[in-house]
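Engineer: the sequence and its predicted three-dimensional model are supplied below.
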Amino acid sequence: MLEISKLCAGYGRIQVLWDIDLHIGENEIVALVGPNGSGKTTLLRAITGMVHTKSGTVNFLGEDIKGKSIEEIVSRGIAHVPEGRRLFPGLTVRANLELGAWRTKDTNIDHVVELFPRLGERLNQIAGSMSGGEQQMCAIARGLMSKPHLIVIDELSLGLAPVVVDEIIQQLPSIAASGTSILMVDQDVDAALSIASHAYVLEAGQLVLSGKAADLLADPRVQESYLGVG
């Protein structure tokens with residue numbers, strides 16, 4: 001579905017990513033982990049057209065989307081859940097969800113409410129008045145409203161209680177099984193690698209490890225650097 005090859009990207013003259021190779025298949029959950037400042041957010045932004053790519057390819061469903069506008073990339077079936085959620089806090093939950101459906105014009109929210117029943121109870125509530133966990137559910141649900149082939153989620157668990165993180169993560173396999181692959185960045189490396197099928201470790205703008213998530217979870221280098229083991 002998504003094939004990134006030799007991707008270099010950054011901001012103006014500042015290069016952040018070097019020769020990134022990454023692959024995501026259909027119905028797959030892929031985790032991207034690494035220390036703060038390693039370039040994880042930049043990579044997600046490069047995929048979705050928010051950051052200039054200097055070289056390399058970003059092939060999505062058989063087409064190189066590098067250099068295309070954000071609108072074109074979204075219209076091809078990629079949704080982005082940014083760090084910090086970025087909801088419209090003064091609008092209702094329903095309005096936020098409906099704004100996510102601009103690509104399809106299908107404002108039927110039943111499919112996202114089934115995933116996150118709490119949202120069904122709060123459709124007429126002002127989004128900014130919800131808890132952080134509920135806002136994250138709303139942000140993910142808004143991304144899913146466009147029925148994307150791929151959704152990228154930046155810092156899924158940041159600032160959230162573990163019980164809420166578990167509630168959200170438990171829904172990811174259902175999302176992937178329904179036809180939306182997932183690329184997730186999460187500071188909770190244990191949770192991310194436990195739910196993903198494949199994972200990449202990014203450090204200082206370069207990929208240093210990749211493989212099956214279960215193998216990386218058991219890798220002593222990952223355990224020592226990110227899980228506090230050893």
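Structural biologist: Right, received. Where do you want to start?

Engineer: what residues does the helix or strand hosting Ala9 touch?
Structural biologist: Assigned by DSSP states H and E, Ala9 falls within strand 2-11. Residues outside strand 2-11 that contact it (C-beta atoms under 8 Å, 6 or more residues apart in numbering): 15-24, 42-43, 46-47, 51-60, 66, 150, 181, 183. For every residue, glycine as well, the C-beta is placed using N, CA and C.

Engineer: now it: how far from the chain's centre is it?
Structural biologist: Averaging C-alpha positions (C-alpha atoms, centre = their mean, to the nearest Å) puts strand 2-11 16 Å from its chain's average.

Engineer: partner residues bridging Gln15?
Structural biologist: The partner list for Gln15 in beta bridges (DSSP bridges) reads Gly10.

Engineer: spit out the contact partners of it.
Structural biologist: Here Gln15 is in contact with 8-9, 54, 205 (C-beta under 8 Å, 6+ apart).

Engineer: so which of those residues wins on neighbours?
Structural biologist: Within the contacts of Gln15, Ala9 tops the neighbour count with 24 neighbours, counted by other C-beta atoms under 10 Å.

Engineer: what does the pLDDT read for that one?
Structural biologist: The predicted local confidence for Ala9 comes out at a pLDDT of 95.

Engineer: domain parsing for the protein?
Structural biologist: 1-77+148-168+178-230, 84-147 (automatic domain parsing).

Engineer: dump the residue contacts of the nearest residue to Leu91 once chain neighbours are set aside.
Structural biologist: Ranked by C-beta to C-beta, 6 or more residues apart in numbering and with sequence neighbours excluded, the top spatial neighbour of Leu91 is Ala127, at 6.0 Å. Going by C-beta under 8 Å, 6+ apart, Ala127 touches 87-93, 95-96, 135, 138.

Engineer: so among those residues, which ones count as buried?
Structural biologist: 87, 92-93, 96, 135, 138 (16 or more other C-beta atoms under 10 Å).

Engineer: and which of those residues is nearest Ala218?
Structural biologist: Within these, the smallest distance to Ala218 is 33.8 Å, found for Gln135 (C-beta to C-beta).

Engineer: and stretch 80-95, end to end?
Structural biologist: End-to-end distance of stretch 80-95 (C-alpha to C-alpha, to the nearest Å): 18 Å.

Engineer: from the contacts of Gln15, which two are the most distant?
Structural biologist: The distance between the two most remote of those (C-beta to C-beta) is 11.9 Å, for Lys54 and Gly205.

Engineer: mind listing what's buried in stretch 213-229?
Structural biologist: Buried-residue list, stretch 213-229, by 16+ other C-beta under 10 Å: 213, 216-217, 219, 222-223, 225-226.

Engineer: my error: substitute stretch 33-42 in the last question.
Structural biologist: For stretch 33-42, a neighbour-count test (16+ other C-beta under 10 Å) marks 33-34, 38-42 as buried.

Engineer: now do the helix or strand hosting Val113: everything it contacts.
Structural biologist: Counting by DSSP H and E, the element that carries Val113 is helix 110-115. Contacts to helix 110-115, defined as C-beta under 8 Å, 6+ apart, come from residues 97, 119-120, 123, 141, 144-145, 171, 174-175.

Engineer: could you export that helix as PDB, CA atoms only?
Structural biologist: The C-alpha trace of helix 110-115 is given here as PDB (Å, rounded to 0.1, in the frame of the first residue of the first chain):
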ATOM      1  CA  ASP A 110     -22.300   5.200  12.900                       C
ATOM      2  CA  HIS A 111     -19.200   3.400  11.900                       C
ATOM      3  CA  VAL A 112     -16.900   5.500  14.200                       C
ATOM      4  CA  VAL A 113     -19.400   5.600  17.000                       C
ATOM      5  CA  GLU A 114     -19.300   1.800  17.000                       C
ATOM      6  CA  LEU A 115     -15.600   1.900  17.600                       C
END
